[in-house]
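Student: Below is the sequence, then the predicted model.
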Amino acid sequence: MKYLVTGGAGFIGTNFVKYILQTHGRQAQICVLDALTYAGNLSSLHDELQSELISFVHADIGDREAVDRILLEFKPDYVVNFAAESHVDRSIDDPGIFLRTNILGTQNLMDCCRKAWQNPDGSYMPGKRFLQVSTDEVYGSLLRDIPDGRRFDIPHPLCDAAGGRSESTAYGNDFFTEDSPLQPRSPYSASKASADMLVLAYIHTYGFPALITRCSNNYGPYQFPEKLIPLIINNVLQNKPLPVYGDGRNVRDWLYVDDHCAAIDTVLRRGRLGEVYNIGGFNEKQNIDIVGMIIDEVARLCNENDRYRALLAEPDRLPDRSLITFVKDRPGHDARYAIDPVKTATELGWAPRIPFAEGLPRTVRWYLDQRKWVTDIVDGDYQMYYHKMYSGR
Ligand code: NAD
Ligand code: TYD
């Protein structure tokens with residue numbers, strides 16, 4: 001199978017490339033297309049790029065000529081569109097690029113695929129599939145603090161651990177299903193919802209062979225340290241204040257990135273064309289609890305291992321909760337996201353495998369072990385970004 005992975009030098013794209021190579025070996029060939037914005041980092045794929053199974057093209061998904069050429073030369077079976085501007089705070093600061101990349105870029109990719117894949121009679125070459133990687137944020141926000149959650153009706157160990165229920169029952173009894181209305185509330189989520197609607201329109205109007213996945217918050221290796229989990233790990237090591245927006249009680253459903261990659265590959269291979277599939281982790285957490293868990297994990301590792309302790313800006317002092325700093329809330333901050341992934345689980349047999357209690361420590365350890373990956377990023381324009389977003393907040 002040949003995969004064209006757009007945005008493959010970003011967080012999830014990088015993990016997806018590694019996942020496909022590990023899972024399918026020589027059965028898979030991959031072409032990564034990436035514009036290498038501030039969020040793209042080709043060094044994350046340094047080892048993979050040595051293989052003849054993987055190639056890289058530096059291009060923008062909005063560049064028709066470049067995309068046409070790749071489709072003609074590489075002839076992918078699958079196009080997986082990860083390429084996007086992905087950070088809500090940046091979208092609030094400057095929405096324009098989100099509309100250009102996330103909406104018009106997706107439209108351009110689909111137009112190029114139609115041209116490459118459509119037969120004169122309007123049918124498409126067999127086996128061609130376009131997967132739009134979307135987000136639970138397109139559904140808007142749920143209320144939080146509603147007790148008495150409902151059961152997820154699937155047998156699954158992560159669910160069983162909570163007595164057959166999602167852990168999320170602590171925070172509410174409503175969930176996003178694939179039929180929930182699209183009610184985006186940030187420029188980022190509005191741009192992703194617009195792209196989803198365009199994909200659905202192309203499916204309906206042109207019979208375009210596409211699918212959409214909508215996933216909850218991912219965490220794991222190679223995530224850019226502007227997002228909550230890697231930002232907090234980095235600040236803990238540097239003994240810097242840990243900025244928690246508002247009261248810290250906003251809820252997100254967190255999924256280990258490999259579980260998302262497995263879900264995408266499953267939907268690509270077995271999903272029904274034209275369908276939307278929700279992907280989630282049965283794992284809702286309040287931000288303040290995540291921050292606390294990270295502090296505890298860094299402290300534990302540094303206490304046990306002098307090599308890790310030496311990474312601390314103040315090695316004599318283990319980090320503690322006094323670093324937590326409540327800061328001005330994000331404008332329009334969505335209160336709670338919670339995904340119902342039962343359709344994907346029951347129809348396609350996918351389920352998350354990595355519990356948070358395993359995935360979070362694994363992620364913290366990765367960021368400690370790969371300090372250079374982070375310092376290469378935070379030593380550059382990141383300082384300017386951090387100053388703009390957090391100083392005086
Ligand atoms: P990311 O910001 O880490 O990576 C985005 C990648 O896209 C970068 O490599 C960047 O260089 C590239 N890119 C940006 N604009 C481009 C353009 N015009 N042309 C080509 N490449 C371009 O994002 P991520 O967290 O890996 O997210 C990937 C996708 O998954 C996004 O579509 C996002 O909306 C979606 N998603 C993310 C999450 C999450 O928690 N991170 C959850 C659900 C869905
Ligand atoms: P983020 O990682 O930006 O993902 P998203 O906004 O797409 O869910 O943020 C996750 C949650 O953490 C969100 O509720 C905002 C909050 N947050 C903070 O409290 N402080 C921070 O410095 C950041 C980046 C996020």
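Tutor: Ah, there it is. Ligands and ions are numbered 1, 2, ... in the order given.

Student: Near ligand 1, which residues of the stretch 201-350 of the chain? Just list them.
Tutor: 215, 217-218, 224 (C-beta under 6 Å from any ligand atom). To be clear about C-beta, it is placed using only N, CA and C from the backbone, and glycine gets the same treatment.

Student: Check the secondary structure at Leu131 for me.
Tutor: Using DSSP: H, G, I helix; E, B strand; the rest coil, the structure places Leu131 in strand.

Student: could you measure it against ligand 1, distance?
Tutor: Here Leu131 is placed at a distance of 11 Å from ligand 1 (C-beta to the nearest ligand atom, to the nearest Å).

Student: who are the neighbours in contact with that residue?
Tutor: 78-81, 210-213, 264, 267-268 (C-beta atoms under 8 Å, 6 or more residues apart in numbering).

Student: Quick one: the strands in the stretch 1-150 of the chain, in order.
Tutor: With strands called from DSSP state E, counting those that start in this stretch, the stretch 1-150 of the chain shows them at 2-6, 29-34, 54-58, 78-81, 129-135.

Student: can you pick the most crowded of the residues of the stretch 201-350 of the chain next to ligand 1?
Tutor: Neighbour counts for those peak at Cys215, which has 26 neighbours (criterion: other C-beta atoms under 10 Å).

Student: isn't that one right up against Val267?
Tutor: No. Checked against C-beta atoms under 8 Å, the pair Cys215 and Val267 is beyond contact range at 10.3 Å.

Student: ok so, going back, among the strands of the stretch 1-150 of the chain, show me which one is buried the most.
Tutor: Of all the strands of the stretch 1-150 of the chain, strand 78-81 has the most neighbours on average by mean count of other C-beta atoms under 10 Å, namely a mean of 26.

Student: Run through the helices of the stretch 151-300 of the chain in chain order.
Tutor: Ranges of helices within the stretch 151-300 of the chain are 157-160, 187-206, 228-238, 257-270, 287-304, based on DSSP state H, counting those that start in this stretch.

Student: quick one: which of the ones you listed has the weakest pLDDT on average?
Tutor: Ranked by mean pLDDT, these bottom out at helix 157-160, which scores a mean of 57.

Student: about what we covered before: looking at the contacts of Leu131, which one is closest to Ala310?
Tutor: Ile264 (37.9 Å; C-beta to C-beta).

Student: any low-confidence regions in the stretch 1-150 of the chain?
Tutor: 145-150 (pLDDT under 70).

Student: how about the residues of it that lie near ligand 2?
Tutor: Val88.

Student: Any chance of the helices of the stretch 151-300 of the chain in a markdown table with mean neighbour count as columns?
Tutor: As requested, the helices of the stretch 151-300 of the chain are exported to a markdown table (neighbours: other C-beta atoms under 10 Å):
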| stretch | mean neighbour count |
| --- | --- |
| helix 157-160 | 16 |
| helix 187-206 | 20 |
| helix 228-238 | 22 |
| helix 257-270 | 21 |
| helix 287-304 | 18 |
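
Student: Ligand 2: which of those helices is closest?
Tutor: Closest of these to ligand 2 is helix 228-238, at 3.6 Å (criterion: C-beta to the nearest ligand atom).
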